[in-house]
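Asks: what follows is a predicted structure for the sequence shown.
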Amino acid sequence: MLILSVESTCDETAVAVTENGRKVLTDQIFSQADLHAVYGGVVPEIASRSHVEVISRLADRAIAAAGVKKSELDAVAVSYAPGLIGAVLVGVNFAKSAAAALGIPLIPVHHIRGHIAANYIAYPELEPPFLCLAISGGNTMLVDVRDYTDLRILGQTRDDAAGECFDKSARVLGLPYPGGAPIDRLAKEGRDDAYILPHPFVGENPYDMSFSGLKTAVINLAHHCEQTGETLDRAGLAASLCRAVSESLVPRTMAAAAELGYKKIAVAGGVAANSRIRADFAAAAEKAGAQLFVPPLRLCGDNAAMIGCQGYYEFLAGHTAGPELNAYATMPLEKQIG
């Protein structure tokens, strides 16, 4: 089954062609990072306009690169939520038009389900059930993947996502946007015990998380040094931040896996590219005798291949939509449209 898939929930426009949920024929991505860097974050209006400008040409390029004809496509999959509403609308409307013009089914895919599915591309042997930590700029959640389309949230951030914490911290450290990779590189030059940073305990659910206090602590430290003339150990603060984020994520994930009796643990999303988090998960999984699945860096960020992969399993489950499909800024992971 050949699926043309579309992703436009934030600042990447992506179109891919995938086969049977596991094989990627092509994944074309246009990044807007340079457009937003001057502002230190994503500007929704700029993101939406850029999607409009490139999405049609990107789709043509993807079909040509895949070496298929439009008549050979079996369905169109699109990320319909969550995301910046204007940006998501561009992708959804393009996908609806493409599906209607080609006379093929339209498959709505939840963006976070797509991130989890990136592991199916990287690891053909991976099958549910397993536990997945989905960590990105907009979401941080522990997910019990009971089946390809049967997912349950065990815990999630109560406020900021882990990626948001990295991006805002990077700004006060004088690093460019997006901040995850620059902080990761800077952290390798510093000591992770240079600063003591908070590790919040959140309410009665041991698997819920919070990163707003951590973000605020980093910002306050940087401002304090600026105002008092003290020298800020930028590398040490970056390393201490990576350690604090990892220590909020890894133990919770391992505890949840033990409670469920799972020996397969996956990590997904842009923050999964962080080298400290990857190393800590590798060590924890080895100690627990668990298999760890972390996608390669090219599949950690937003892409359309992951949408096509998850779209295949949504189609098998009978989840399709018509021209009434809408875009949503928020949507529970467990809820399925179609």
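Replies: That came through, no problem.
Asks: so residue 319 sits in a strand?
Replies: No - counting by DSSP: H, G, I helix; E, B strand; the rest coil, residue 319 is not part of a strand but coil.
Asks: how about it: what's its closest non-neighbour residue?
Replies: Spatial nearest neighbour of residue 319, chain neighbours left out: residue 338 (4.1 Å); criterion: CB to CB, 6 or more residues apart in numbering. The way it works is simple: take the backbone N, C-alpha and C, and place the C-beta from them, glycine included.
Asks: any idea of the mean pLDDT in the strand or helix carrying residue 252?
Replies: Using DSSP states H and E, residue 252 sits within helix 234-260. Computed over helix 234-260, the mean pLDDT rounds to 97.
Asks: would you map out the domains in the protein?
Replies: What automatic domain parsing lists as the domains of the chain is 2-116+299-316, 126-298.
Asks: quick check: residue 129 touching residue 143?
Replies: No - using CB atoms under 8 Å, residue 129 makes no contact with residue 143, being 10.8 Å away.
Asks: ok, these two, which is more surrounded?
Replies: Comparing residue 129 with residue 143 by neighbour count (other CB atoms under 10 Å), the higher total belongs to residue 143, at 25 against 13.
Asks: who's in contact with that one?
Replies: For residue 143, the contact set (CB atoms under 8 Å, 6 or more residues apart in numbering) comprises 112, 116, 131-134, 151-154, 333.
Asks: from the middle of its chain, how far away would stretch 291-308 be?
Replies: Averaging C-alpha positions (CA atoms, centre = their mean, to the nearest Å) puts stretch 291-308 8 Å from its chain's average.
Asks: so which bits of it are buried?
Replies: 292-295, 299-308 (16 or more other CB atoms under 10 Å).
Asks: pLDDT score for the nearest residue to residue 87 once chain neighbours are set aside?
Replies: Nearest residue to residue 87 in three dimensions, chain neighbours excluded: residue 47, at 4.8 Å (CB to CB, 6+ apart). pLDDT, residue 47: 94.
Asks: same question, the one 4 residues further on
Replies: At residue 51 the predicted local confidence, pLDDT, stands at 97.
Asks: so which residues of the stretch 1-150 of the chain form strands?
Replies: Along the stretch 1-150 of the chain, counting by DSSP state E, counting those that start in this stretch, strands occupy 2-7, 12-19, 23-31, 75-81, 106-110, 130-135, 140-147, 150-156.
Asks: so which of these is nearest residue 206?
Replies: strand 150-156 (7.3 Å; CB to CB).
Asks: which elements pack onto that closest one?
Replies: Judged by 3 or more CB pairs under 8 Å, 6 or more residues apart in numbering; DSSP states H and E, the packing partners of strand 150-156 are strand 140-147, helix 234-260.
Asks: could I get these in a markdown table, plus columns for distance to residue 204?
Replies: Conversion of the helices and strands packed on strand 150-156 to a markdown table gives the following (distance: least, CB to CB, whole Å):
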| stretch | distance to residue 204 |
| --- | --- |
| strand 140-147 | 15 |
| helix 234-260 | 14 |
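Asks: quick one: closest of these to residue 216.
Replies: It's helix 234-260; of the helices and strands packed on strand 150-156, that one is closest to residue 216 (CB to CB) at 12.1 Å.
Asks: now do the following helix or strand past that closest one, average pLDDT.
Replies: Reading on from helix 234-260 to the C-terminus, the next helix or strand found by DSSP H and E is strand 264-268. Mean pLDDT, strand 264-268: 98.
Asks: ok, strand 264-268: who's next to it in the sheet?
Replies: Its sheet considered, strand 264-268 pairs with strand 130-135 (parallel), strand 291-293 (parallel) by DSSP bridges.
Asks: need those in JSON lines (columns: mean pLDDT and distance to residue 58).
Replies: JSON lines is the format used below for the strands paired with strand 264-268 (pLDDT from 0 to 100; distance: least, CB to CB, whole Å):
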{"stretch": "strand 130-135", "mean pLDDT": "98", "distance to residue 58": "25"}
{"stretch": "strand 291-293", "mean pLDDT": "98", "distance to residue 58": "29"}
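Asks: now those as CSV including distance to residue 97?
Replies: Listed next are those as CSV, based on distance: least, CB to CB, whole Å:
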stretch, distance to residue 97
strand 130-135, 30
strand 291-293, 35
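Asks: which among those strands is found nearest to residue 101?
Replies: Residue 101 sits nearest to strand 130-135 of all the strands paired with strand 264-268, at 33.0 Å, using CB to CB.
Asks: report the angle between the axes of the closest one and strand 140-147?
Replies: Orientation check (axes from the mean of the first three to the mean of the last three CA atoms, to 10 degrees): strand 130-135 against strand 140-147 gives 150 degrees.
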